[in-house]
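Asker: would you be able to build a 3D model of this:
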Amino acid sequence: MAQSRRVEKVAALIRKEMSYLLMNGLRDQRVNSSMITITDVELSGDLQHCKIFVSIFGDENQKESVFLGLESCQVFLKGELGRRLQMRRAPEVIFKLDKGMEKGASVLTLLEKLENERKKKDQNLSEFSD
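Answerer: Okay, the predicted model is just below:
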């Protein structure tokens, strides 16, 4: 049980430090051109592999460019994490694109359309009954 608590604490520290690095530590214009949100950090039990799930706001071309920029910075970010967290071995950093926010927005749009259709149908029925 203590192992999982340690993994959770290190994952939270990685998320915090990675957020700082993405905002202030990179000079890559591809990464700085868009808003990036870290949605989740998954860390292996031996602390050697780290998946960082990111959500990138912008059009598809911009998302692809930003993601390529993140992938090109992986080695630098791994080194910075190792220095900042003072770990003996820094975990391998792998970025994954999280499309959950996009899916959530599309679901909300569909629900709004259904609500509007229901209101129109109710309005037509009330006009017909009068």
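
Asker: can you name every helix or strand that the longest helix seen in the chain contacts?
Answerer: Ranked by residue count and defined by DSSP state H, the top helix of the chain is helix 100-129. Judged by 3 or more CB pairs under 8 Å, 6 or more residues apart in numbering; DSSP states H and E, helix 100-129 is in contact with strand 36-43, strand 49-56. All C-beta atoms are positioned from the backbone trio N, CA, C, and that covers glycine.

Asker: by how many degrees do it and strand 36-43 diverge?
Answerer: Orientation check (axes from the mean of the first three to the mean of the last three CA atoms, to 10 degrees): helix 100-129 against strand 36-43 gives 120 degrees.

Asker: looking only at pLDDT, what's the mean for helix 100-129?
Answerer: Average pLDDT, helix 100-129: 79.

Asker: same thing with stretch 79-96?
Answerer: Stretch 79-96 shows a mean pLDDT of 89.

Asker: need the contact partners of that stretch.
Answerer: 10, 13-14, 17-18, 21, 25, 43-44, 47-54, 67, 70-71, 74, 77-78 (CB atoms under 8 Å, 6 or more residues apart in numbering).

Asker: show me how far that stretch is from its chain's centre.
Answerer: 18 Å (CA atoms, centre = their mean, to the nearest Å).

Asker: only the buried residues of it, if you could.
Answerer: Using 16 or more other CB atoms under 10 Å as the test for burial, stretch 79-96 gives Glu80, Leu81, Arg84, Ala90, Pro91, Val93, Phe95.

Asker: for the fifth one, which non-adjacent residue is spatially closest?
Answerer: What sits nearest to Pro91 in space, not counting adjacent residues and going by CB to CB, 6 or more residues apart in numbering, is Cys50, at 4.0 Å.

Asker: so the one you found is in contact with Glu17, correct?
Answerer: No - when contacts are counted by CB atoms under 8 Å, Cys50 is not listed as touching Glu17 (11.1 Å).

Asker: and this structure, what are its domain boundaries?
Answerer: The chain breaks down into these domains under automatic domain parsing: 2-98, 99-130.

Asker: still on that earlier bit, pick the most deeply packed of the helices and strands packed on helix 100-129.
Answerer: strand 49-56 (a mean of 19; mean count of other CB atoms under 10 Å).
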